[in-house]
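*Asks:* below is the sequence, then the predicted model.
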Amino acid sequence: MEEGYYKTKESVEEYVKLSEGFNGALLIEKFKKVLNINSNVLEIGSGPGTDWNILSKYYNVTGSDNSPEFINHLTSKNPNGNFLELDASTLSINGKFDGIYSNKVLHHLNDNELANSIKRQYEILNTNGVICHSFWLGEGSEVFKGLFVNYHTVSNLQEVFSKQFDIISIEKYKEFENDDSLLLIGKKKAN
Ligand SMILES: C[S@@+](CC[C@H](N)C(=O)[O-])C[C@H]1O[C@@H](n2cnc3c(N)ncnc32)[C@H](O)[C@@H]1O
């Protein structure tokens, strides 16, 4: 998968500027309804760290990204933060978390990578662990600015997550245009 856009210092600086004014505050409010304050949270694809900063007000957050440039950015902006270079599809980490959060990250995975990510999320979550992930609503996939983008529908997300997770909600919301996005909240199934 071509991931160049998020991998160079120049594009990371450009993305940080372009994303100013956007954050996942409303998504995190929904996450707070299912996850106790002070829980251990893994954020996948922390990028500029905007959501990491909001999450950190309530949770003990480990930020992560598969781009070393974003990890450098995150570490220099937040010297006391905990950040890991992690790929969403493999999540090669031994720790256990109470919650896993991502905002517009998992759409960069193809169907097989997403299935593997969901399996790994199940494995690294504690009993009753919860997930909160946003996606772009749509069908099919495309390459945008050199980045692979996989669109999802409500029924498709239900299908791919429901083996390992009880779906609490999948809601449409507006990022740029009405109903262009989906927010999935789920709970790890009991063994
Ligand atoms: C839209 S940004 C996320 C913004 C972030 N939620 C925030 O609060 O600013 C997407 C991020 O996902 C990361 N990313 C893309 N593919 C990834 C993958 N396979 N594993 C981990 N991170 C990935 C990119 O490097 C980028 O930092």
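*Replies:* Happy to help now that I have it.
*Asks:* C-alpha from now on. contacts and neighbour counts both.
*Replies:* Noted.
*Asks:* ok, and the closest non-adjacent residue to the residue of the chain found nearest the ligand?
*Replies:* The chain approaches the ligand most closely through residue 47 (3.0 Å), counting by Cα to the nearest ligand atom. Of all residues not flanking residue 47 in the chain, residue 70 sits nearest, at 5.5 Å (Cα to Cα, 6 or more residues apart in numbering).
*Asks:* now do the same contact list for that neighbour.
*Replies:* Contacts for residue 70 were tallied using Cα atoms under 8 Å, 6 or more residues apart in numbering; they are 6-7, 12, 46-48.
*Asks:* now the longest strand along the chain: buried residues?
*Replies:* Scanning the chain for the longest strand, with DSSP state E as the assignment, gives strand 125-136. Of the residues in strand 125-136, 125-127, 129-136 count as buried by neighbour count, 16 or more other Cα atoms under 10 Å.
*Asks:* picking that back up, could you report the pLDDT at the residue nearest to residue 47?
*Replies:* Note on residue 70: pLDDT of 96.
*Asks:* residue 190 contacts residue 127, doesn't it?
*Replies:* Yes - judged on Cα atoms under 8 Å, residue 190 makes contact with residue 127 at a distance of 7.2 Å.
*Asks:* who in the protein is up against the ligand?
*Replies:* Within the chain, the residues that sit near the ligand (Cα under 6 Å from any ligand atom) are 6, 23, 44-51, 65-67, 86-89, 102-105, 108.
*Asks:* same thing but at 5 Å, please
*Replies:* Residues of the chain found near the ligand (Cα under 5 Å from any ligand atom) are 6, 45-51, 65-67, 87-88, 103-105.
*Asks:* the residue of the chain closest to the ligand in helix, strand or coil?
*Replies:* Counting by DSSP: H, G, I helix; E, B strand; the rest coil, the backbone at residue 47 sits in coil.
*Asks:* what's the burial count for it?
*Replies:* Neighbour count for residue 47, taken as other Cα atoms under 10 Å: 26.
*Asks:* show me where the chain has helices.
*Replies:* 9-18, 25-32, 50-55, 68-77, 111-124, 154-161 (DSSP state H).
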